[in-house]
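> let me see the structure of the following:
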Amino acid sequence: MSDLLYPGASKLEGRTIREIVAVAMDAPAKAKSGHSGTAMALAPLGVMLWARVMRHDPTDPSWSDRDRFILSCGHASILQYALAHEFGYALSVEDLTMFRQAHSRTPGHPERGVAPTVEVTTGPLGQGVANGVGMALAERILRADYGEELVNHRTWVFASDGCLEEGISHEAASLAGSLKLDRLTVFYDDNHITIDGPTELALHDNPAERFAAYGWHVVNVGERANELDVLEAATRSAIAETQRPTLIIVRSHIGFPSPDMMDRKEAHGNPFSVEAITTTKAILGVPDEAFVFDPQLPQEWGKLLGPRRDERVAWEARVAAAGAAGVQLLEQLDTNGVARVVERPEPFAPNSQMATRRALQRAMDTFAPQTPGLTAGSADLTDNTGVELKHSVTQGAATPGGRQIHYGIREHAMSAILVGQAHHGGLRPAGSTFFVFNDYARPAVRLASLSHAGVLFVYTHDSVGVGEDGPTHQPIEHLMALRAMPNIHVVRPSDANETIDFVEQFLSAKEPPTTALILSRQDMPVFNEEDGAASAKGARRGGYVIREHEHAAFTLVGTGSEVGLCLSAADLLAAKGVATRVIAMPCWRCFDAQPSEYRSQVLRRTTPSVAIEAGATLGWANYVDSAIGINSFGLSAPGKEVFAYFDLVPQTVVTHVEAVLGEGR
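Numbers count the residues shown, from 1 in each chain. As a prediction, the model looks like this:
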């Protein structure tokens, strides 16, 4: 029966496939939620890859030279969980029975850090394709640094029709072809079914021609999704291709071998009925009971995977024999290439003027050579955003070790590729664009935050200070939108020297948080020596007092360029006999993490307060009594004129303070 359903499968492979297909029905049925059909159809491909080709060792899931497996079609997560269980990873039958339940190790979509073998958090379609490009790029860079003896693995991605429909996959595939990432293989599950119905409702692309145009090697196996020898031959051809990434098109039938559900849209997102499961299990030749597994299968696979374990042991021996290079590699993998700072940039002169994006370039010039894991690039804005790595070369097939990456005008893919690099290990990537284009990148930034990826997202041109480019390029709601996202540190430095300090903090942290560094286009004042000392002491806490006054009548709070505005307003008020305190809050989340006593001392809410920020005012009520900002779109005019138009000038703050104090008399 195995030969009829899955030609070419060994007896062990056939038994494994049948168990995976069965649990692909059982787990969603028990959860009353989930996606059975895709996991059923891809079970033969998964078993072939994990059994015959993929370089992995269940006894050491974190082995750094393992192949990376990414399930971009994350709705089929039960497939990955079942594969992990069958091949001897620490995922039990009980874990499978808890599919999609609270706090289980088998959530509805793959989440990094929850179950073994899950390299990245996937689910939003297409993200995993771009993550895979990042993984393959990381492997290439490290291999160039340390040689094939120490770094030599591949990246395998399962993608669906939906993944290829989403725009991010087009961006990522185009870049991968341009870079000639030959150790990347994407399996396209061409099952012709989406939730709405046949893909032909909205899709008539020719993926083979499209990917060939991107510069990929394309293999179309046609209606051979269940034939393991055919699938293996296609996979081996991908390995033999040394000049291009590979797309393998597999025409599967969703829900196979169910006569009731195969090729139906209901097989995509609906659990199968009891009757459909019973019928399908009879065809499979497995017991008509839920979650029946042969406990011997993982042990049998453990024996057959012995050569993979031998590869891992041999790799460990090569690392040990490599001496200093091996030690350095292990350290880089352990710390993601943390900075070892022995030299710091020259500070900017007090009372000078400098855009914080230009300060970033000075930081890169000094810190990049001291940060072995750093990669940097932009969405076609390298000079504008300050991420030029002058000590490195441009990444490409001819220069595989290049750390300067030109992502092209592809903000969405760039962001997900950064996530792939970070989760691969050994690197701490930075990617940049104008802040307003975070709108294009946001889905990938969200997954970076959800999965705690150590990525530095650099966003410059942070406000209406962009000026003449006008409202299309002037971020208004973006700061608040990013601040609303859990986990991410949104940092808007107060001056150029503070910018350098925050860059050093990210590069020097062993496990840096997902960070968005928000920088100005326009010049802004560099603190004087006294204010700069306050910044150096308190900026990393997210909020701090720049100027204190024991008898202050008012507290002024700002971020970024508006901190200088607050300081100017404080000087004007002092000349009128009104004492004020000035607070900088470069990072709300960092400040919120401080002890309550510290936060109370900084904010001193018993004193009237106002925040000034060149953006939406939503959210400031948590910290101040009122806020001056912009709650409309911007204006096309020189930057200073736009600030004046929106009353973001010191005199507006003075007038506000006088009005509030006048009301209190």
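
> can you pull the domain assignment for this protein?
In terms of domains, the chain is parsed into 2-308, 353-525, 539-664 (source: automatic domain parsing).

> buried stuff in stretch 94-105?
By neighbour count on 16 or more other C-beta atoms under 10 Å, the buried set for stretch 94-105 is 95-100, 104-105. The C-beta positions use only the backbone N, C-alpha and C, and glycine is treated the same way.

> just name the most buried of the domains of the chain.
Each of the domains of the chain was scored by mean neighbour count; the highest is domain 353-525, a mean of 23, by mean count of other C-beta atoms under 10 Å.

> picking that back up, in helices only, show me the buried residues of stretch 94-105.
Here DSSP state H is the test, and the buried residues of stretch 94-105 give 95-97 as lying in helices.

> what is the nearest of those residues to R483?
Closest approach to R483 among those (C-beta to C-beta): D95, at 35.5 Å.

> and the closest residue to the closest one other than its chain neighbours, what does it touch?
Nearest non-adjacent residue to D95, counting by C-beta to C-beta, 6 or more residues apart in numbering: R105, 4.7 Å away. By C-beta atoms under 8 Å, 6 or more residues apart in numbering, the contact list for R105 reads 91, 95, 98, 114-115.

> repeat the analysis, applying 7 Å as the threshold.
By C-beta atoms under 7 Å, 6 or more residues apart in numbering, the contact list for R105 reads 91, 95, 114-115.

> G542 too?
Residues in contact with G542 (C-beta under 7 Å, 6+ apart) are 585-591, 594.

> rerun that using 8 Å as the cut-off
Shown in contact with G542 (C-beta under 8 Å, 6+ apart): 585-594.

> now render the contacts of R105 as a markdown table, adding secondary structure, pLDDT and distance to R344.
Below are the contacts of R105 laid out as a markdown table (DSSP: H, G, I helix; E, B strand; the rest coil; pLDDT from 0 to 100; distance: C-beta to C-beta, whole Å):
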| residue | secondary structure | pLDDT | distance to R344 |
| --- | --- | --- | --- |
| L91 | coil | 98 | 46 |
| D95 | helix | 98 | 48 |
| V114 | coil | 98 | 39 |
| A115 | coil | 98 | 42 |
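
> and those, which is closest to D571?
V114 (53.2 Å).

> quickly note the distance from the closest one to A90.
V114 sits 12 Å away from A90, going by C-beta to C-beta, to the nearest Å.

> ramachandran coordinates for H391?
phi -90, psi 0 (degrees, to the nearest 10).

> and it, what is it in contact with?
368-369.

> the one 4 residues further on now?
Counting by C-beta under 8 Å, 6+ apart, Q395 touches 137, 141, 179, 375, 377, 402-406.

> relative to E171, how far out is it?
For Q395, the distance to E171 equals 16 Å [C-beta to C-beta].

> quick one: mean pLDDT over stretch 546-559.
Averaged over stretch 546-559, pLDDT sits at 97.

> and if you look at stretch 222-237?
Mean pLDDT, computed over stretch 222-237, is 98.

> okay, it in CSV with CA atoms only?
The C-alpha trace of stretch 222-237 is given here as CSV (Å, rounded to 0.1, in the frame of the first residue of the first chain):
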residue,chain,number,x,y,z
GLY,A,222,4.9,18.3,-12.1
GLU,A,223,2.4,15.8,-10.7
ARG,A,224,5.1,13.9,-8.8
ALA,A,225,4.5,15.2,-5.2
ASN,A,226,4.2,11.7,-3.8
GLU,A,227,7.2,10.2,-5.6
LEU,A,228,10.2,10.4,-3.2
ASP,A,229,12.8,9.4,-5.8
VAL,A,230,11.7,12.2,-8.1
LEU,A,231,11.6,14.7,-5.3
GLU,A,232,15.1,13.7,-4.3
ALA,A,233,16.4,13.9,-7.8
ALA,A,234,15.1,17.5,-8.1
THR,A,235,16.6,18.3,-4.7
ARG,A,236,20.0,16.9,-5.7
SER,A,237,19.9,19.1,-8.8
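
> can you offset everything so residue one is 53?
Happy to do that; since the first residue is 53 now, the last one works out to stretch 274-289.

> on that earlier part again, tell me which of the contacts of G594 is nearest to F239?
R641 (38.4 Å).

> contacts only, for the closest residue to the closest one other than its chain neighbours.
Once flanking residues are discounted, R641 sits nearest to H541: 5.4 Å by C-beta to C-beta, 6+ apart. Counting by C-beta under 8 Å, 6+ apart, H541 touches 565-568, 639, 641-642.

> is E201 in a helix, a strand, or coil?
On the three-state scheme (DSSP: H, G, I helix; E, B strand; the rest coil), E201 is labelled coil.

> which residues does the closest residue to it other than its chain neighbours contact?
In space, and not counting its chain neighbours, E201 is closest to R370: 5.1 Å by C-beta to C-beta, 6+ apart. For R370, the contact set (C-beta under 8 Å, 6+ apart) comprises 201-202, 378.
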